[in-house]
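**Student:** with the input below, show me the fold.
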Amino acid sequence: MKFKLKIFSNPDRNIVFLKRVIKIQEKVVQLSSIFAFGILLYHLGYSINPQDQVTASILFNIFLVLIALGYLVRVLLVEKSYFPARVLLELLLSLVLITTALIRWEVFGSEISQQVLDFNAHFHLVNALVIILFFIELSKFSLTVNKLKLSPSLVFILSFVVMILVGTGLLSLPEATTRDISFIDALFTATSAVCVTGLIVLDTAQDFTFFGQVVIMILFQIGGLGIMVFTSFFGFFFKGSYSIENRLFIRDYINENNVNEIYTTLFKIISFTVLVEGFCAFLIYHFTDPAVFAGRGDQLFFSLFHAISAFCNAGFSTLSNGLYEEGFREAYHMHLVIALAIVLGGIGFPVVLNYYSYLKHVLVGQVKSLLGIEKYRHTSRISSVNTKLVTYTTGILLVVGMVVYAISEYNSTLEGLSPYGKFVTTVFGAVTPRTAGFNTVDMRELAVPTVLIYLFLMWIGASPGSTGGGLKTSTFAIAMLNTFSIASGKSRVEVFRRQISNETLKKAFAVISLSVLVIGLGIFLLMVFDPQLPMIDVSFEVFSAFSTVGLTLGITSQLSTASKLVLMVIMLIGRVGTLTIVVALVRKTGEQRYKYPEETVFIT
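**Tutor:** Here you go, the predicted model:
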């Protein structure tokens, strides 16, 4: 860390003093952000009397000023050798926070203050800023998680558990719901949101206030990408550096082998997410009828909520009947936009980044060739085996789903629709069981063949490194390739002129075995706790929970407390991965320097 100011003539004394100042500044900003966020939650989550509101407002303004002064001190003292954008952002934050506090204290006069506060629409802008600041400080703190000496797998699991508990607390606040909510229902909703499942025991549209719906949206946004991705990116941006321990710790979360490319990869993931969600929100807003909303604000929130929910494969909706709600069930253009967001979110960030590298290579090469700088040079293997396998498997599953849905539902949910309506409903019906959870038809009217193919598609789920859960497309593809390889008498598995490693084959079949075990045990326990429920409905519910889909045949709200707890565990297992949990819990053995004689075991 380099410093700008020289207060003492002795360089060592100057550095020691300034380091102490920076430590104090960091603590002041950190604590002020926490207290400001706490006051905000107190204001949003509870109905408080006017006297307490005045006291809370004064303290809130004081903390805003302390945060602003802290950022100013850092900008003035620390030399910024890189990230000038961060310097400008910190200066802007300081200016906004100080100005906000002065306006709230009516320094510029009561009339001007009232006009500005009215324009800010009940402090929504300031509230959002405080939440962001709190999250920034939380992100900086998360970079020290490697000091706990825990395995990345265990930290990954614990991050989801902590987020679920935080979400449960927020949803339990009185102002988050329109009626009393039990702890188990708050816990179930938070688990479903963080694990991007979409199964609900309460009506998101009717039982949760705007504040509660925003909390749910934030939970499935963070849960979709993983809290470690968010905190690592923002923590590095505002802290300015990663230690080598941080780099080694984070690379496992984003499937990045090059430790020097970690921040670049995180930036691409966040940028792609914001770009897709923003673009889809714009299209949803454009393709919805303003007449079905109370105002433009409601329409904008609806668009943003469903764009994020679709990209994160969460399946939550602010409509009581989902997209089958009257006024939305025939908004076919919107359905296609949501289907596109589901596919882009579920195909996996490794695939997206791989195609980004491929397109960048092609475009840059063609431009250089046209400008006469150099001839276009073809580079082989830019598109990896994983990318091809995921893309082909996803395409095949979508086509199979569409064909089966079109045939089995022709005289059921597709009956009476226009040709375009039938096409869009068929496409959506094939996309949504891929861990998305939205419905544009009445799920209770589905034909039995459709329910069965849904079980299969839900079991496979999304792709590795995506916002979705399930077995994963590449795992299923590897298992099928291995089966055909054995049947044809080959001693190894080959695809796209490459040989699949034995470690990959072992992992694939381990994941399949564990998924069958978890699903089977889940169905058994639900039938024990709720024996009155139909077997097919229970099976559908468990498959949906494990693959974080969120589709249901209508029994979620009827489940007993024990069954809800079972589903919560299954949702968590499905989101973090069965193999991840086993790796986190089972102690690794050392190097095996021995080998037993081989023995054949009869399989068939």
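**Student:** packing partners of the helix or strand where Val400 lies?
**Tutor:** In this assignment (DSSP states H and E), Val400 forms part of helix 385-408. For helix 385-408, the packing partners by 3 or more Cβ pairs under 8 Å, 6 or more residues apart in numbering; DSSP states H and E come out as helix 332-346, helix 349-370, helix 419-431, helix 448-460, helix 473-487. To be clear about C-beta, it is placed using only N, CA and C from the backbone, and glycine gets the same treatment.
**Student:** let's see that with 6 Å instead.
**Tutor:** Counting contacts by 3 or more Cβ pairs under 6 Å, 6 or more residues apart in numbering; DSSP states H and E, helix 385-408 packs against helix 349-370, helix 419-431, helix 448-460, helix 473-487.
**Student:** tilt between the last one and helix 349-370?
**Tutor:** Taking axes from the mean of the first three to the mean of the last three Cα atoms, to 10 degrees, one finds helix 473-487 and helix 349-370 inclined to each other by 90 degrees.
**Student:** what are the ranges of the strands in the protein?
**Tutor:** Listed in chain order, the strands of the chain (DSSP state E) span 494-495, 498-499.
**Student:** pull the residues that contact the last one.
**Tutor:** In this case it means strand 498-499. 385, 492 (Cβ atoms under 6 Å, 6 or more residues apart in numbering).
**Student:** sorry, back to before: how about CSV for the helices and strands packed on helix 385-408, with mean neighbour count and distance to Phe267 added?
**Tutor:** CSV is the format used below for these (neighbours: other Cβ atoms under 10 Å; distance: least, Cβ to Cβ, whole Å):
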stretch, mean neighbour count, distance to Phe267
helix 349-370, 15, 11
helix 419-431, 19, 28
helix 448-460, 20, 30
helix 473-487, 18, 25
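**Student:** how about these in a markdown table, adding mean pLDDT and distance to Ser317?
**Tutor:** Below are the helices and strands packed on helix 385-408 laid out as a markdown table (pLDDT from 0 to 100; distance: least, Cβ to Cβ, whole Å):
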| stretch | mean pLDDT | distance to Ser317 |
| --- | --- | --- |
| helix 349-370 | 80 | 25 |
| helix 419-431 | 94 | 13 |
| helix 448-460 | 92 | 18 |
| helix 473-487 | 90 | 25 |
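**Student:** and Gln221, which of those is closest to it?
**Tutor:** Judged by Cβ to Cβ, the one of the helices and strands packed on helix 385-408 that comes nearest to Gln221 is helix 349-370, at 14.9 Å.
**Student:** and that closest one, what does it pack onto?
**Tutor:** On the basis of 3+ Cβ pairs under 6 Å, 6+ apart, helix 349-370 makes packing contacts with helix 262-287, helix 385-408.
**Student:** which regions of the protein sit below the pLDDT cut-off?
**Tutor:** 1-10, 78-86, 104-124, 142-149, 227-228, 230-260, 376, 378-382, 587-592, 604 (pLDDT under 70).
**Student:** the helices and strands packed on helix 385-408: which one's closest to Ser513?
**Tutor:** Among those, the nearest to Ser513 by Cβ to Cβ is helix 473-487 (10.4 Å).
**Student:** now that closest one, how far from the centre of its chain.
**Tutor:** Its chain's C-alpha centre and that of helix 473-487 lie 29 Å apart, by Cα atoms, centre = their mean, to the nearest Å.
**Student:** now swap in stretch 56-73 and tell me
**Tutor:** 31 Å.
**Student:** run through who's touching that stretch.
**Tutor:** Residues contacting stretch 56-73 (Cβ under 6 Å, 6+ apart): 25, 28-29, 32, 35-36, 39, 90, 93-94, 97-98, 101, 104.
**Student:** and those residues as CSV, adding distance to Ala341?
**Tutor:** Formatted as CSV, the contacts of stretch 56-73 follow (distance: Cβ to Cβ, whole Å):
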residue, distance to Ala341
Gln25, 41
Val28, 41
Val29, 36
Ser32, 37
Phe35, 37
Ala36, 33
Ile39, 35
Glu90, 33
Leu93, 31
Ser94, 36
Leu97, 34
Ile98, 39
Ala101, 39
Arg104, 38
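**Student:** now render the helices and strands packed on helix 349-370 as TSV, adding mean neighbour count and distance to Gly522.
**Tutor:** TSV is the format used below for the helices and strands packed on helix 349-370 (neighbours: other Cβ under 10 Å; distance: least, Cβ to Cβ, whole Å):
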stretch	mean neighbour count	distance to Gly522
helix 262-287	18	31
helix 385-408	18	23
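**Student:** will you turn these into JSON lines that also has distance to Ala68?
**Tutor:** As requested, the helices and strands packed on helix 349-370 are arranged in JSON lines below (distance: least, Cβ to Cβ, whole Å):
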{"stretch": "helix 262-287", "distance to Ala68": "25"}
{"stretch": "helix 385-408", "distance to Ala68": "46"}
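**Student:** Phe349 is nearest to which of the ones you listed?
**Tutor:** With Cβ to Cβ, the closest approach to Phe349 among the helices and strands packed on helix 349-370 belongs to helix 262-287: 5.2 Å.
**Student:** could you pull out the helices for the stretch 101-250 of the chain?
**Tutor:** Using DSSP state H, counting those that start in this stretch, the helices found in the stretch 101-250 of the chain span residues 110-119, 124-142, 152-171, 183-194, 204-207, 210-225, 227-239, 244-254.
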